[in-house]
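Peer 1: What follows is a predicted structure for the sequence shown.
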Amino acid sequence: MTTTASGRPRIILDCDPGVDDAMAMIAAARWADLVAITTVAGNVPLKHTTANACRLRELLDLDVEVHAGADQPLIGLQGFARHVHGETGLGDVALPEPKRGPDSDRAVEFLVEATRAEEGLHLVPVGPLTNVALALRADPGLANRVASLTLMGGSAQGVGNVTAAAEFNVWADPEAADEVFRSGAPLTMLGLNLTHQVRMGQVHADECRALDTPVAEAMAGLLEFYAVFHLAAEEVADGPIHDPCAVLAVTHPDLFQMEDRPVHVELSGTQTRGMTLVDERGPQADTPTNCRVAYSVASGAVIDLIMQAVREA
Ligand code: BDR
Ligand code: CA
């Protein structure tokens, strides 16, 4: 596994910013050694996810490459989540136009080349899995070169958000997710069953506003936008902080409790397309485990790490 002298794991963040993707970038900037960012269409179209990644790179003063990837799922039409993340993906947080644009539109090739150049990177997808599936198609050996493929997506225990059964990132490209779950890569899944345990809202936004820094201001705006949506959708004002969980599961694995499970992606169910079916019995003779599934988390400690990342940005 590759770490820096500081001991921070080296990660590539594959994302679709996205309110909570932006928070994942903030967490990664502080707690990981961020190697690069790749973008995918998901919460909003690719042109917005890529522009947002570039805006956040400048906000966080990161010297990393941003590579744009897939602008549509492997099959079918793209479904967005503008109602959760706003028309252009960062709620109503208006960051300046970035001075530096994306370094390429070849995220898939970048993933193959970067993992060839350096074994033991952690690949952390927090959007639809299209880029990762295409990279695995181009070079299946990628599965053996990464230290982990730690993703936010799916769910154990039958929790969905887009449908009763399906979580957004898997629902948005089920065929890609299926290929990733069958790839043999060392997978860890942070699904909705886990991320719904980590909630932030107005109290944290107020703390951020008091800090009065550009990153803290942005974080406050993201939290407030997210809270309005979740209050309307779930009657709970504190929103689930999905994507930072995947970053922090790599950087602070001791905070998460995991179990090895066989996980299968439903492609054809009449009500269940895009569901991750987790075999809670554990490995079976005909279905060995293919994934570590996160079940519980020290949520207070995770929130503290996110807030510390905001304070120290
Ligand atoms: C996931 O879907 C997206 O809307 C979020 O950014 C997160 O990655 C949660 O289901
Ligand atoms: Ca996301």
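Peer 2: That came through fine. Ligands and ions are numbered 1, 2, ... in the order given.

Peer 1: Which parts of the stretch 101-250 of the chain are helices?
Peer 2: Counting by DSSP state H, counting those that start in this stretch, residue ranges of the helices within the stretch 101-250 of the chain are 107-117, 130-138, 142-145, 168-171, 174-181, 192-195, 202-211, 214-234, 242-251.

Peer 1: Of all the ones you listed, which one comes closest to residue 26?
Peer 2: helix 214-234 (6.5 Å; CB to CB). (C-beta placed from N, C-alpha, C; glycine too.)

Peer 1: Tell me which residues of the closest one come out buried.
Peer 2: Within helix 214-234, the residues that count as buried by 16 or more other CB atoms under 10 Å are 215-227, 229-230.

Peer 1: So for that helix, mean pLDDT?
Peer 2: Taken as a whole, helix 214-234 has a mean pLDDT of 93.

Peer 1: do the same with stretch 162-174
Peer 2: Average pLDDT, stretch 162-174: 97.

Peer 1: Using CSV, write out the CA atom coordinates for it.
Peer 2: The C-alpha coordinates for stretch 162-174 follow below in CSV (Å, rounded to 0.1, in the frame of the first residue of the first chain):
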residue,chain,number,x,y,z
VAL,A,162,-33.8,6.9,-5.6
THR,A,163,-36.1,3.9,-5.3
ALA,A,164,-37.1,1.8,-2.4
ALA,A,165,-34.3,-0.5,-3.3
ALA,A,166,-31.7,1.5,-5.1
GLU,A,167,-29.1,4.0,-4.1
PHE,A,168,-28.2,6.8,-6.5
ASN,A,169,-24.7,6.0,-7.6
VAL,A,170,-25.5,2.3,-8.4
TRP,A,171,-29.0,3.2,-9.8
ALA,A,172,-27.3,5.8,-12.2
ASP,A,173,-25.2,3.1,-13.9
PRO,A,174,-26.1,-0.4,-12.7
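
Peer 1: got the contact list for it?
Peer 2: Residues outside stretch 162-174 that contact it (CB atoms under 8 Å, 6 or more residues apart in numbering): 42-43, 73-74, 78-79, 81, 125-130, 133, 151-155, 158-161, 177, 191-192, 265-267, 269, 271-276.

Peer 1: Go back to those residues and keep what's next to ligand 1.
Peer 2: Counting by CB under 6 Å from any ligand atom, 43, 81, 126, 127, 152, 161 from those sit close to ligand 1.

Peer 1: Please report how far the last one lies from residue 283.
Peer 2: Residue 161 sits at a distance of 28 Å from residue 283 (criterion: CB to CB, to the nearest Å).

Peer 1: just the buried residues of helix 214-234 now: which is nearest residue 54?
Peer 2: Taking those together and measuring to residue 54 by CB to CB, the closest member is residue 218, at 14.2 Å.

Peer 1: so where's the stretch 1-150 of the chain uncertain?
Peer 2: 1-5 (pLDDT under 70).

Peer 1: near ligand 2, which residues of it?
Peer 2: Residues of the stretch 1-150 of the chain lying close to ligand 2 (CB under 5 Å from the ion) are 16, 18, 21, 126, 127.

Peer 1: Which among those count as buried?
Peer 2: Neighbour-count burial (16+ other CB under 10 Å) applied to these gives 16, 18, 21, 126, 127.

Peer 1: now whatever helix or strand the third one lives in and helix 214-234, what's the angle there?
Peer 2: With elements delineated by DSSP states H and E, residue 21 resides in helix 19-31, which encompasses its position. For helix 19-31 against helix 214-234, the angle between stretch directions is 140 degrees (axes from the mean of the first three to the mean of the last three CA atoms, to 10 degrees).

Peer 1: How about helix 19-31 and ligand 1, any contact?
Peer 2: Yes: against ligand 1, helix 19-31 shows contacts by CB under 6 Å from any ligand atom at 20, 21.

Peer 1: For that helix, name the packing helices and strands.
Peer 2: Identification of packing neighbours for helix 19-31 by 3 or more CB pairs under 8 Å, 6 or more residues apart in numbering; DSSP states H and E yields strand 10-15, strand 33-39, helix 46-59, helix 214-234, helix 242-251, helix 299-312.
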